[in-house]
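Trainee: Mind looking at a prediction? Sequence and model below.
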Amino acid sequence: ISVNSTGRVDQLIYAITIPLSTSIILANLLIILGIAWNRQLHNTPNYFFLSLLVADMCTGVALPFIPLMGLNRELTFSSCLVAHVFPNFLFLAFLFNLVMVHYERYIYILDPLHYGNLWMHRNFPLALLIVWAPPLLYASLPAFGWNNWSGQMFPNAFIYLEVYGLVLPAILTIAGMTGHVLWITRGQLKDICRLHRSVERGSQASDHEQRLNLRYTRCVVAVSLTFLACWVPYLIYMHVCIAFLISDTKWSSTTHIILSCTGIGSMAVVPLVLGLANRQYTEPAYKLLQKLRDRWRRRTRDSNEFAKILSNEGTEMNYYKSCGPKIIVDL
């Protein structure tokens, strides 16, 4: 992509990525502090989720550099490594952590009796090594000479392997596990409704069954909307990039910047949705906001009472000033 106005492109990148990156970093810090402050959450499943939040926060830090990966710029070798290898490593580490978190929760629902004997629980350091080391190794392959030092940081074979060998299978795996969990939940819901009808000896659905079905419908709608809002923009961006790469045509830098920021930013929202939906993670922040709100209300109430007292004292003084001469004359 040829860039005629570097300053204008940089301003567009920073205008889009800085607010989005700041929001991602602050939201992840909020959930991380919520897990750190609550000692009841200091267990292996939440450690996996904490690793995902760290990867997501790092992705937010690297977000301003990601649009630069598709622009032709003259960079030194070290600058090129920082601008290309480091963001790619953080993105792949985020994706691997997301698959690990979904897999851990999927096994918990599928086979809860053997959940504590999972290999990832018995060998937690090995699980962390699996979700962080392979992304670093794969992202560093161009630095070891895969690109044949031709000036192109990521060759076409590297991009095809990453997209269709790592990224797309990971997304399909997450979607498959989520769909299977919803299917299991639907079966369990039918069993609960059947038992409820047998106990109540009724043929029609009761209010309790209708509430359960409504809750399940809301869950399905929430999961579907989350997938459409978070994953579809990234899938569009990924296949548009592949299409332009195959056709070997140039495309607008503005289009590339908007698609890359929208795709990566929407995907980075997935852990935030999972974290903010859990009240245990957001309870410390909620309590802090509640204390600040109560303190603000108390200070406002005290200031209003003080102002009322001053107003009453002023009214009494005016009354005495106006009635003073009359009292003297009467006396």
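Mentor: Everything's here; your move.
Trainee: got the buried residues for stretch 15-25?
Mentor: 16-17, 20-21, 24-25 (16 or more other C-beta atoms under 10 Å). (C-beta placed from N, C-alpha, C; glycine too.)
Trainee: Show me what it is in contact with.
Mentor: Under the contact criterion C-beta atoms under 8 Å, 6 or more residues apart in numbering, stretch 15-25 has outside partners 56-57, 59-61, 63-64, 66-67, 257-258, 261, 265, 268-269, 272.
Trainee: again with stretch 234-241
Mentor: Here stretch 234-241 makes contact (C-beta under 8 Å, 6+ apart) with 70, 159, 163, 167-168, 171, 259-260, 262-264, 266-267.
Trainee: Also stretch 284-298?
Mentor: By C-beta under 8 Å, 6+ apart, the list of residues contacting stretch 284-298 reads 30, 33-34, 37-38, 279.
Trainee: Stretch 216-226 too?
Mentor: 178, 182, 185-186, 189, 270, 273.
Trainee: So for it, what gets flagged as buried?
Mentor: Buried, per 16+ other C-beta under 10 Å, within stretch 216-226: 223, 226.
Trainee: what's the model's confidence in that stretch, averaged?
Mentor: Taken as a whole, stretch 216-226 has a mean pLDDT of 84.
Trainee: Quick one: distance of that stretch to the chain centre.
Mentor: Relative to its chain's centre, stretch 216-226 lies at 17 Å (C-alpha atoms, centre = their mean, to the nearest Å).
Trainee: hang on, the earlier thing: return the member of the buried residues of stretch 15-25 nearest to Gln210.
Mentor: Nearest to Gln210 out of the buried residues of stretch 15-25 is Ile24 (C-beta to C-beta; 38.4 Å).
Trainee: could you give me the average pLDDT of whatever helix or strand that closest one lives in?
Mentor: Taking DSSP states H and E as the criterion, Ile24 maps to helix 6-37. Summarised as a single mean, pLDDT over helix 6-37 is 85.
Trainee: What's the first helix or strand after that helix?
Mentor: Immediately after helix 6-37, counting by DSSP H and E, sits helix 44-62.
Trainee: That next one packs against which elements?
Mentor: helix 6-37, helix 86-110, helix 119-122, helix 124-139, helix 270-276 (3 or more C-beta pairs under 8 Å, 6 or more residues apart in numbering; DSSP states H and E).
Trainee: list the buried ones in that helix?
Mentor: For helix 44-62, by 16+ other C-beta under 10 Å, it's 46-60, 62.
Trainee: Having no further points to raise, I will conclude here.
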